[in-house]
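Peer 1: below are the sequence and a predicted model for it; my questions follow.
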Amino acid sequence: MIQSGDKTLNNSIPRKWSALALGGFLFTSIFALSPSPVEAECQRDFSGEWTIHQDSYSIPVSLSQNGKTVSGTASQSHKNDPVIKGRVTGTVEGSSISVEVNWENGAVGVYNGRIDQFDMLFGTTQDKNNPRSVANWVAEHHFKCVEAAPFKPKPGFKDWSKAEAAPVTPKPIRSSGKALHEGATPAVPRIIAYNKPGQTPGTQTLSWDGGPDHPYAEVWVKVNDEDAKFVVEKGKGTREVTVQPGNTYLYILSDSNQQLATVTVK
């Protein structure tokens, strides 16, 4: 058992690890991700300039959108390393986006993401030449809905919405005794770490969501080979954390000794 005060975390829970080699750099992180329902989902507008935050890397993109097709440019930068530029092509569908970035150094990154119910765009990326190399990313940007073009009826069009409908005899409703939220599915727990623009060096932004099944989820941190230490008990939140060079930080989202998701920061 790993202990910290009166809090304990079961050390026997298997941990998940993954990595992405992108343009010659190595990324390591993991979190559980799945699409979340959006009320009255519309076609989102992914055009404009926004930034992908992936570990300590920032990837600004500039996209134009034509229907469900997007294209544009991207660049990746990390501290004092040379900036690498890339060409972006892909498609969008509702609140989801799928693009490929062809970097000038020959690498190809595949980026898939979806806007969740909190209007945050989360996603995963992988090296196209090494599909097992996977990492996570997030983009803080408001993606508005695309306004639908006004409907222009063709000659001979009949508006059936104005026709009188036949009376309907209601059928008896059988209750199952379980309350269901129509169209909703439970959110999968996740935890991520990323840098915000202008964020103080030596800090990371930690964001997590235990979902409706884990309103009292806990965040723990394990530094190098030390015992895990309790951070906070909160089902969902965002917090700025301090990290020291040369250390590896494993942030764990758990509930009742059950590991829900992890993210690694180096």
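Peer 2: Structure's in. What do you need? Numbers count the residues shown, from 1 in each chain.

Peer 1: could you list the low-confidence segments of the stretch 101-250 of the chain?
Peer 2: 148-152, 157-188, 197-198 (pLDDT under 70).

Peer 1: how about 50 then?
Peer 2: The stretch 101-250 of the chain contains residues with pLDDT under 50 at 173-186.

Peer 1: would you map the strands across it?
Peer 2: For the stretch 101-250 of the chain, applying DSSP state E, counting those that start in this stretch gives strands covering 108-115, 121-127, 130-139, 190-194, 203-209, 218-223, 229-233, 236-242, 249-255.

Peer 1: contacts only, for the residue nearest to residue 215 when sequence neighbours are not counted.
Peer 2: In space, and not counting its chain neighbours, residue 215 is closest to residue 235: 4.1 Å by Cβ to Cβ, 6 or more residues apart in numbering. No exception for glycine: its C-beta is placed from N, CA and C like everyone else's. Contacts for residue 235 (Cβ atoms under 8 Å, 6 or more residues apart in numbering) come out as 209-211, 214-217.

Peer 1: how about a cut-off of 10 Å?
Peer 2: Residues counted as contacts of residue 235 (Cβ atoms under 10 Å, 6 or more residues apart in numbering) are 189, 208-218, 253, 255.

Peer 1: mark which of the residues you listed are buried, thanks.
Peer 2: Among the contacts of residue 235, those classed as buried by 16 or more other Cβ atoms under 10 Å are 189, 208-211, 214, 217-218, 253, 255.

Peer 1: quick one on the thing from earlier: of the contacts of residue 235, closest to residue 118?
Peer 2: If you rank the contacts of residue 235 by distance to residue 118 using Cβ to Cβ, residue 209 comes first, at 8.0 Å.

Peer 1: tell me the bridge partners for residue 261.
Peer 2: Beta-bridge pairing of residue 261 under DSSP bridges involves residue 253.

Peer 1: local confidence estimate at it?
Peer 2: We note a pLDDT of 91 for residue 261 in this prediction.

Peer 1: that one: how many residues sit nearby?
Peer 2: A total of 23 residues lie near residue 261 under the criterion other Cβ atoms under 10 Å.

Peer 1: that one touches residue 217, doesn't it?
Peer 2: Yes: Residue 261 lies in contact with residue 217 (Cβ atoms under 10 Å); the separation is 9.3 Å.

Peer 1: quick revisit: for residue 105, state which of the buried ones among the contacts of residue 235 is nearest.
Peer 2: Nearest to residue 105 among the buried ones among the contacts of residue 235, counting by Cβ to Cβ, is residue 208 at 33.4 Å.

Peer 1: run a quick neighbour tally on the residue nearest to residue 265 when sequence neighbours are not counted.
Peer 2: Spatial nearest neighbour of residue 265, excluding adjacent residues (Cβ to Cβ, 6+ apart): residue 249 at 4.4 Å. Counted by other Cβ under 10 Å, the residues lying close to residue 249 total 19.

Peer 1: for residue 233, same thing?
Peer 2: Neighbours of residue 233 under the rule other Cβ under 10 Å: 11.
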